[in-house]
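Colleague: turn this into a structure:
(one chain, ligands or ions: 1)
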Amino acid sequence: MVRQHVNPLSRFFQVERPLPPPAELFADPEQPLHLDIGCARGRFLLALAQQHPERNHLGVEIRLPLVDAAEAERQRLGLTNLHYLFCNANISLETWLAALPAGLLERATIQFPDPWFKLKHHKRRVLQPALLCSLAAALAPGRQLFLQSDVLAVIEPMVALVEASGCFARPEADARPWRLDSPLPVATERESLVMRQGLPVYRVLYGRNEAPVPDPKALEAGAGCTDNPATPPAPKPAATPGSP
Ligand SMILES: C[S@@+](CC[C@H](N)C(=O)[O-])C[C@H]1O[C@@H](n2cnc3c(N)ncnc32)[C@H](O)[C@@H]1O
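Modeller: Now for the predicted structure:
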């Protein structure tokens with residue numbers, strides 16, 4: 001039985017996992033790369049990788065049993081332009097992205113991230129200023145960041161954060177505030193479910209512009225729009241006896 005959610009802030013998930021470089025993941029590591037963050041069981045990337053052998057596809061996921069199942073299926077099918085890795089994206093992607101050969105990352109997607117509705121849990125949400133800055137640093141001008149969710153309260157802060165970074169712009173022709181359709185030829189599992197139910201999906205496609213990457217701490221402080229800070233607030237000092 002796979003747990004529905006894990007707490008990415010728990011101690012177990014704070015350990016950085018050194019992720020293998022593209023040369024160890026793909027038969028042709030120089031192909032453009034699509035990174036899907038929070039890929040779950042990975043069926044979206046599996047279909048995409050089969051349709052696009054000219055690209056590499058990497059899915060990262062925090063629930064290990066899903067990664068194991070996805071990797072087993074990939075190996076059974078002999079796909080060498082696809083890989084799944086277990087990690088906490090907020091802990092392990094920064095180093096990995098920084099080490100990528102320049103220009104390799106063609107697209108990053110964050111699709112239907114866990115909502116963590118309660119205010120006190122918002123800091124568990126995946127798109128934090130530090131991760132956004134790492135993505136912005138790894139994406140060359142013109143390369144894409146695609147976000148989608150069925151929960152307005154989740155996607156709105158993501159959009160506010162991306163826009164506060166100044167590093168991304170939407171295609172002129174795209175409808176506002178939400179794109180009318182997905183730019184991708186395959187739906188994710190969550191996307192298919194939501195669409196079968198006839199519920200709305202909120203989508204935004206961004207292209208990386210030429211702006212420099214801000215300091216994540218400055219973005220966090222300046223955006224004022226994010227409730228998922230990169231660094232948790234310092235613990236309150238213990239009350240001393242007799243204090244009010
Ligand atoms: C609601 S599911 C959506 C899965 C898939 N993207 C889809 O659209 O069907 C969100 C996924 O993100 C994963 N996830 C959440 N936080 C994560 C983190 N910090 N690092 C990696 N994966 C994470 C969850 O385990 C879950 O599988």
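Colleague: the closest residue to the ligand within the chain: how many residues sit nearby?
Modeller: In the chain, the residue that lies nearest the ligand is Gly38 (2.5 Å; Cβ to the nearest ligand atom). In this view, the C-beta of every residue, glycine as well, is placed from N, C-alpha and C. Gly38: 20 surrounding residues under other Cβ atoms under 10 Å.
Colleague: check contacts around it.
Modeller: Residues in contact with Gly38 (Cβ atoms under 8 Å, 6 or more residues apart in numbering) are Val60, Glu61, Ile62, Ala89, Ile110, Gln111, Phe112, Pro113, Asp114, Val126.
Colleague: so what's the residue count around the nearest residue to Trp116 once chain neighbours are set aside?
Modeller: Nearest residue to Trp116 in three dimensions, chain neighbours excluded: Arg124, at 4.6 Å (Cβ to Cβ, 6 or more residues apart in numbering). By other Cβ under 10 Å, the residues close to Arg124 number 20.
Colleague: didn't Arg124 look like it was pressed against Phe117?
Modeller: No. Shown here, Arg124 and Phe117 do not form a contact pair, counting by Cβ atoms under 8 Å, at 10.5 Å.
Colleague: remind me which residues of this protein are low pLDDT?
Modeller: Counting by pLDDT under 70, the ranges of the chain that qualify are 223-244.
Colleague: quick check: residues of it near the ligand?
Modeller: Contact residues (Cβ under 6 Å from any ligand atom) of the chain with the ligand: 8, 38-40, 60-63, 88-90, 111-114, 126, 188-191.
Colleague: filter these down to just the ones in helices.
Modeller: Ala89, Asn90, Glu189, Arg190, Glu191 (DSSP state H).
Colleague: and the end-to-end length of stretch 181-196?
Modeller: End-to-end span of stretch 181-196 (Cα to Cα, to the nearest Å): 15 Å.
Colleague: and the contacts of it?
Modeller: Contacts of stretch 181-196 (Cβ under 8 Å, 6+ apart): 40-41, 43-44, 47-48, 51, 109, 111-112, 144, 146, 148, 150, 201, 203, 205.
Colleague: if you set the cut-off to 6 Å instead, what comes out?
Modeller: With contact meaning Cβ atoms under 6 Å, 6 or more residues apart in numbering, stretch 181-196 is reached by Arg43, Phe44, Ala47, Leu48, Gln111, Phe112, Asp150, Val201, Leu205.
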